[in-house]
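Q: predicted model and sequence follow; I will ask about them next.
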Amino acid sequence: MIRRRKIWIALVVCISTLIIAGCEGNSSEEEKIRDVEFTVVSSVDIPEQLVELIEQRQEEPFKITYSDKKNLYIVVGYGAQPTSGYSIAVKEFYEGANSMHLQTLLKGPSKTETITEIITFPYIVLMIEDTDKPVQFK
């Protein structure tokens, strides 16, 4: 009887936590305070631990944030693409009262571009000064 009650309490706590987290996640329409200045990091300047994370996840679309205590690295990958020539644009990146908001866009090869029939894994790494605010991906 006591064991069953503990399981019930644990279940209620888990469900409550998920509901609260879901409500906080709906703040994607948070009012913009300012645009965020960022640097696009070249592949040779990405921290080694982050390179490993990217390589582990590159097959599928992914979003990662990684902090080295000084800088925050924000990575968006679009998974496997059938050819070369893909690029990623930052459509919007702004700071709200409670979080940072990032929207990116995958651009395919232009019609005039020479492409290679090879699987590619496009991703972009942005670097900003480290912050306690979470990043909301749109």
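A: Cool, the structure landed.
Q: helices of the chain, start to end?
A: Here the chain has its helices, by DSSP state H, at 2-24, 48-57.
Q: gap between G79 and Q58?
A: 7 Å (CB to CB, to the nearest Å). Glycine gets a C-beta too; all of them are placed from N, C-alpha and C.
Q: who touches both of these two?
A: Any residue near both G79 and Q58 by CB atoms under 8 Å, 6 or more residues apart in numbering counts here, and that gives F121.
Q: surely K91 is in contact with L106?
A: No - judged on CB atoms under 8 Å, K91 makes no contact with L106 at a distance of 10.5 Å.
Q: most centrally placed residue in this protein?
A: Central residue of the chain (CA atoms, centre = their mean): K63, 2.9 Å from the mean position.
Q: worst average pLDDT in the helices of the chain?
A: Lowest mean pLDDT of these: helix 2-24, a mean of 48.
Q: below-threshold pLDDT in the chain: ranges please.
A: The chain contains residues with pLDDT under 70 at 1-28.
Q: do a quick rundown of the strands in it.
A: 32-35, 39-40, 61-67, 71-78, 87-96, 100-107, 123-129, 135-137 (DSSP state E).
Q: count the neighbours of I46 for me.
A: 19 (other CB atoms under 10 Å).
Q: for it, which non-adjacent residue is spatially closest?
A: V125 (5.6 Å; CB to CB, 6 or more residues apart in numbering).
Q: who has more neighbours, K91 and L106?
A: The residue with more neighbours, out of K91 and L106, is L106; 17 against 10, by other CB under 10 Å.
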